[in-house]
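Enquirer: Next one to model:
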Amino acid sequence: MRSGALALLAYAVVALGATAPALLTPGAVVGGGDMPDYTGTVSFMWWAGFAITHGLDPFFASWDFYPVGQAHLAQYNLLDAFAGAPFLAILGPEQGYDLFVAFVLATTAWAGRHLARVIGAGEGAAFFAGLVLETSSFVANELHEGRLSQGWLLFLLLALAGLVRLFRGEGSWRLAVGTGAAMAATALTYWYYGAFLVIAAIPPFLAEVRRWGRAVWARVALAGGVGLALVTPAVVALARDWDTLPGVRRGERILEFEAWTGGDFGLGMAMRHSPWVGWPFAHVDLIEGIVNDQRLPAVAALLAAVAVIRRAPAWGRWLAVALAGYALSLGPYPRLADGEVWTVAGHAVPGPYRLAYAAVPFFHRFWWPSRFILLAQVGLAALAALGLDRLAGRRRWLPWAAALALLVEQAARTGALPIAADRPPGVSHEVYDSIDGPVLTVPVLGRGPDERHHLWFQLYHQQPILYGLGAHIEGHRPPGYERWIRSNPLLRALERVGNGNWEGAWIAPPAVEALVEAGFRWAVLERAVFREDEPFERYEQSLVKLWGEPDLRGATARAWRIEVPARRVWLPRAVAPPPGAGWPEDACPVETEPPECVVDGGPPADPRARRARVRSRRR
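Expert: Numbering: from 1, shown residues only. A predicted model of the protein is given here:
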């Protein structure tokens, strides 16, 4: 117990060093800036705590995509959000998030040490194994981009350690129950890590199953039953609503590797997120979004080789885990250093991932083969611990020297440590501290990735917003969301403002009344969600026309209290169409009364004349 606590303390020191750029830079967070996923992750953490303390359903994001909401939030992968919520509530968004990242690193390392102890490694070698995972460039990259659920390996490693003990006939019924709970927690942190756990458990299972008696079978069955019981409600709900889940409805073709994938979206994404065949030993920048060197640490690789050469106990099963991770990480069709697909006689060589994509249920939704690097690193850490034990003998100083060499290597060679940090967009407290009701955010149905910063500002005003996680991606919008927006003439007009609004629009009082009845109280314009000045200025012009000068004004944000106008308001043309661009086919629903569509030159004097002009354009 005492040695475990000391190891956890040492891992915490390393974790604080890894997150030092964020902790020592006022206002910065791990990753931050333009990193793609930290806003969603911190939003989940906030919502988990807020929903529980306010009697709301934490698995239904009723305050995002308002008033429609998002069902099955994060597809129930919210365990990291629940764990991080207290950090956020006590320490605030920046420090709370950064210290939770450090907590993720330290507990991942501690669980890696526990696994190494279970497979027979000594104290020093087990500490080294945990450090291999804590300093992993794979883990660092996931945390840098904001994917804490993919970087937190605590439950996966604890479940694997528990299964290893059960397979050997050790432990009790209490261990079986705890292992089942850890198995469920693995899946509820990130579903595909549940599949990773199954893959990693196969070699130890095959090595021990022939010696099992009834008691071992019963304890293993109990662990599996507990795990299934805990995850089955979520699995049933997801299977029932599969076609409506965010990200599932992605029908576009990816032509980059069409010769091998036929344009299939999932296979194309998997090709984009696959490393080259030599990634364990040489870095080639092929993977979209992964900038850190993914090579295996040389110190750990050499110690793993010692375990294989000297036939350390159970070396074969952990080598099998490492090789399985390596083979699956190569994606559908392995690529060479120049990015070209490996072919034989003009035919692409399919990898194990391609076979699983075709045969394993739901595997066609796992588009990131590079994450199988994790399995290779788990196998490597276990082998390195066994090899270090064989090499060290009575030289107790050797594991600590190896740990120091590993830290130096990972910091100097890969660029993974310390994890880079940046500041999120500045918060206009003059605006967000005064917001007291649901917020109409703009752009409406926009497609800019910076719109995700609305989630960061929501941490400060803590009100429902029209935007939601991934709303800038059509396939991530919940069912009924677009239909609800386009049923309102004002929201439909604001969508076109963001798309260029080459027309102009009449906005009648009932359109604004409908928003007020839905609960909206404020319209907010935030500069940080736009990459260019022009659309920001178009929105500002339109909102000023509707409600006059902003009621609240900050450094980057403007806010208007939504009030129903006494009469209809004309939103003028904000920008002329490019020459020859024509008019959108759906620009004018002429059956709507009063008219709210486009007319050349300004508001029409006669609605019937407007309709005649619209019909002539469509002909």
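Enquirer: could you show me where the strands are in the stretch 501-619 of the chain, in order?
Expert: With DSSP state E, counting those that start in this stretch as the criterion, the stretch 501-619 of the chain has strands at 505-507, 522-526, 552-553, 557-561, 569-571.
Enquirer: With P399 as the reference, name the closest of these.
Expert: P399 lies closest, by Cβ to Cβ, to one member of the strands of the stretch 501-619 of the chain: strand 522-526, at 51.6 Å. The C-beta positions use only the backbone N, C-alpha and C, and glycine is treated the same way.
Enquirer: and the closest one, how far from the chain's centre?
Expert: 26 Å (Cα atoms, centre = their mean, to the nearest Å).
Enquirer: For the stretch 101-250 of the chain, just list every one of the helices.
Expert: Taking DSSP state H, counting those that start in this stretch to define them, one finds helices in the stretch 101-250 of the chain at 123-134, 137-144, 148-151, 154-167, 173-189, 191-208, 214-240.
Enquirer: Let me have the strands of the stretch 501-619 of the chain in CSV, extended by mean neighbour count and distance to F167.
Expert: Listed next are the strands of the stretch 501-619 of the chain as CSV, based on neighbours: other Cβ atoms under 10 Å; distance: least, Cβ to Cβ, whole Å:
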stretch, mean neighbour count, distance to F167
strand 505-507, 24, 67
strand 522-526, 25, 54
strand 552-553, 15, 62
strand 557-561, 21, 57
strand 569-571, 20, 68
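Enquirer: Now render the ones you listed as TSV, adding mean pLDDT.
Expert: As requested, these are arranged in TSV below (pLDDT from 0 to 100):
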stretch	mean pLDDT
strand 505-507	84
strand 522-526	96
strand 552-553	94
strand 557-561	95
strand 569-571	83
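Enquirer: Select, out of those, the one closest to L154.
Expert: Here strand 522-526 is closest among the strands of the stretch 501-619 of the chain (Cβ to Cβ), at 35.7 Å.
Enquirer: helix/strand/coil for P280?
Expert: Three-state assignment for P280 (DSSP: H, G, I helix; E, B strand; the rest coil): coil.
Enquirer: Neighbours of it, how many?
Expert: For P280, the neighbour count with other Cβ atoms under 10 Å is 17.
Enquirer: leaving aside the residues next to it on the chain, what's closest to it?
Expert: Distances taken as Cβ to Cβ, 6 or more residues apart in numbering place L296 nearest to P280, at 4.6 Å, with adjacent residues excluded.
Enquirer: for A234, same thing?
Expert: Per Cβ to Cβ, 6+ apart, closest to A234 is Y76, 4.0 Å.
Enquirer: who touches that neighbour in this structure?
Expert: Neighbouring residues of Y76 by Cβ atoms under 8 Å, 6 or more residues apart in numbering: 59, 188, 234, 237-238.
Enquirer: do H472 as well
Expert: Shown in contact with H472 (Cβ under 8 Å, 6+ apart): 446-449, 451-452.
Enquirer: for those residues, which one is nearest G278?
Expert: Checking the contacts of H472 against G278 by Cβ to Cβ gives P449 as the nearest, at 31.8 Å.
Enquirer: In this model M35 seems to touch the closest one, though I could be wrong.
Expert: No - counting by Cβ atoms under 8 Å, P449 sits too far from M35 to count as a contact (10.7 Å).
Enquirer: Of all the residues in stretch 86-97, which ones are buried?
Expert: By 16 or more other Cβ atoms under 10 Å, the buried positions in stretch 86-97 come out as 87-88, 93-97.
Enquirer: quick one: average pLDDT of it?
Expert: Mean pLDDT, stretch 86-97: 94.
Enquirer: ok, now stretch 532-549?
Expert: pLDDT averaged over stretch 532-549 gives 89.
Enquirer: Now it: buried residues?
Expert: Within stretch 532-549, the residues that count as buried by 16+ other Cβ under 10 Å are 535-536, 538-543, 546-547.
Enquirer: Switch those over to a markdown table; also include distance to V431.
Expert: Output for these, formatted as a markdown table (distance: Cβ to Cβ, whole Å):
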| residue | distance to V431 |
| --- | --- |
| P535 | 19 |
| F536 | 15 |
| R538 | 20 |
| Y539 | 15 |
| E540 | 14 |
| Q541 | 19 |
| S542 | 18 |
| L543 | 13 |
| L546 | 18 |
| W547 | 15 |
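Enquirer: right, so of the strands of the stretch 501-619 of the chain, which gets closest to R335?
Expert: strand 522-526 (40.4 Å).
Enquirer: Who are the packing partners of that closest one?
Expert: strand 439-441, helix 453-461, helix 533-547, strand 557-561 (3 or more Cβ pairs under 8 Å, 6 or more residues apart in numbering; DSSP states H and E).
Enquirer: how much does that strand deviate in direction from helix 453-461?
Expert: If you take axes from the mean of the first three to the mean of the last three Cα atoms, to 10 degrees, strand 522-526 sits at 120 degrees to helix 453-461.
Enquirer: Parallel or antiparallel, list what pairs with strand 522-526.
Expert: Applying DSSP bridges, strand 522-526 is found paired with strand 439-441 (parallel), strand 557-561 (antiparallel).
Enquirer: Distance-wise, check the residue most central in space within the chain relative to V30.
Expert: Geometric centre of the chain, nearest residue: R147, 4.5 Å, by Cα atoms, centre = their mean. Here R147 is placed at a distance of 11 Å from V30 (Cβ to Cβ, to the nearest Å).
Enquirer: same check, this time on L160
Expert: Distance, L160 to V30, using Cβ to Cβ: 26 Å.
Enquirer: any idea which helix or strand carries the closest residue in space to A102 that isn't next to it in sequence?
Expert: Leaving aside its chain neighbours, A102 sits nearest to A15 (4.0 Å; criterion: Cβ to Cβ, 6+ apart). Element membership for A15, per DSSP states H and E: helix 2-18.
Enquirer: where in the protein is pLDDT low?
Expert: Residues of the chain meeting the criterion pLDDT under 70: 1, 247-256, 258-259, 286-292, 500-503, 573-619.
Enquirer: residues contacting the nearest residue to L383 once chain neighbours are set aside?
Expert: Of all residues not flanking L383 in the chain, A304 sits nearest, at 3.6 Å (Cβ to Cβ, 6+ apart). Contact analysis of A304 by Cβ under 8 Å, 6+ apart lists 319, 322, 380, 383-384, 387.
Enquirer: now do G379
Expert: Counting by Cβ under 8 Å, 6+ apart, G379 touches 200, 318-325.
Enquirer: hang on, P425 is in a helix, isn't it?
Expert: No - counting by three-state DSSP, P425 is located in no helix; its state is coil.
Enquirer: count of neighbours near T135?
Expert: 24.
Enquirer: looking at it, it is touching Q410, isn't it?
Expert: Yes - with contact defined as Cβ under 8 Å, T135 counts as touching Q410 (4.1 Å).
Enquirer: okay, and the common contacts of the two?
Expert: Common neighbours of T135 and Q410 (criterion: Cβ under 8 Å, 6+ apart): 297, 416-417.
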